[in-house]
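>>> Build me a structure from this.
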Amino acid sequence: MPQILETVMMVCFGLSWPVSILRSWRTRTARGKSLLFLCGIAVGYAAGIIAKLSADQITYVLAFYVLNLLMVCADIALYVRNRRLDRESADG
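Residues are numbered from 1 along each chain as shown. So this is what the prediction gives:
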């Protein structure tokens, strides 16, 4: 039962990332985003992955941690791109 509940939690968290990524892609601005927040979330997912690996709890739940971390990293990459675009539009 704990694995099922953890999976539900990870899926619920994970549903928000595609929306955030799509918003970042479409708006082409970093306004309204926090790099510190995104990095904090990435560190949390990485810690969850390390905890699972160190406890030898390699189950399907680990895949959700990895997938969520990859989506957060994609959002961070878009933040960096959009920040550059913001600076370029301010300069020109």
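
>>> For D91, list the residues it contacts.
For D91, the contact set (CB atoms under 8 Å, 6 or more residues apart in numbering) is empty. In this view, the C-beta of every residue, glycine as well, is placed from N, C-alpha and C.

>>> swap that for A30, sorry
Contacts of A30 by CB under 8 Å, 6+ apart are Y79, N82, R83, L85, D86.

>>> same thing but 6 Å
Contact analysis of A30 by CB atoms under 6 Å, 6 or more residues apart in numbering lists Y79, N82, R83, D86.

>>> ok, now T7?
By CB under 6 Å, 6+ apart, the contact set of T7 is V61.

>>> what distance separates the helix or strand harbouring it from the centre of its chain?
Per DSSP states H and E: T7 is located in helix 2-27. Taking CA atoms, centre = their mean, to the nearest Å, one finds the center of helix 2-27 at 8 Å from the center of the full chain.

>>> Could you number the chain from 628 rather than 1 from now on?
Sure, I'll start counting at 628 from here, so that last one is helix 629-654.

>>> which of the residues in that helix are buried?
E633, M637, F640, G641, W644, S647, I648, S651 (16 or more other CB atoms under 10 Å).

>>> quick one: which of the residues you listed is nearest to F664?
Within those, proximity to F664 (CB to CB) peaks at S647, which comes in at 10.7 Å.

>>> I'd say that closest one and D702 touch.
Yes - using CB atoms under 6 Å, S647 is in contact with D702, at 5.4 Å.

>>> low pLDDT regions in the chain?
Residues of the chain meeting the criterion pLDDT under 70: 719.

>>> Next up, identify which helix or strand the residue nearest to V638 when sequence neighbours are not counted is on.
In this structure, V638 finds its nearest non-sequential neighbour in F691, 6.6 Å apart by CB to CB, 6 or more residues apart in numbering. Secondary structure assignment for F691, by DSSP H and E: helix 687-718.

>>> Then A657?
Using DSSP H and E, A657 maps to neither a helix nor a strand.
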